[in-house]
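Chemist: structure here, sequence nowhere to be found:
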């Protein structure tokens, strides 16, 4: 009986640790390339995405040298 309880607790600890780790590293590429000021070397593209979580429009900027993309919030008219 003690082995079953210990195994159950071990599985729960593993699930919680896995959830925390995935939360910390989830979609870092998007969050690091998002802001107000566009860094030097990025060109404006015609691509606009709409953030499904809050409906904001994000303009995509592209750096030809590195291939990186940068997302900048579009100002509403």
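Modeler: On my side now, so go ahead. As the structure is a prediction and not an experimental result, all values here were calculated from the model.

Chemist: where do the helices sit along the chain?
Modeler: For the chain, applying DSSP state H gives helices covering 2-25, 28-32.

Chemist: quick one: closest of these to residue 39.
Modeler: The closest of these to residue 39 is helix 28-32. By C-beta to C-beta, the value is 11.3 Å. C-beta coordinates here come from the backbone N, C-alpha and C atoms, glycine included.

Chemist: got any ranges where this structure has weak pLDDT?
Modeler: Low-confidence segments of the chain (pLDDT under 70): 27-35, 76-77.

Chemist: longest strand in this structure, please.
Modeler: Counting residues, the longest strand found in the chain (DSSP state E) is strand 43-50.

Chemist: residue 73 reaches residue 56, doesn't it?
Modeler: Yes: contact status for residue 73 versus residue 56: in contact at 5.6 Å, counting by C-beta atoms under 8 Å.

Chemist: thinking again about what came up before, now the helices of the chain in TSV, with mean neighbour count?
Modeler: Compiled in TSV, the helices of the chain are given as follows (neighbours: other C-beta atoms under 10 Å):
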stretch	mean neighbour count
helix 2-25	9
helix 28-32	10
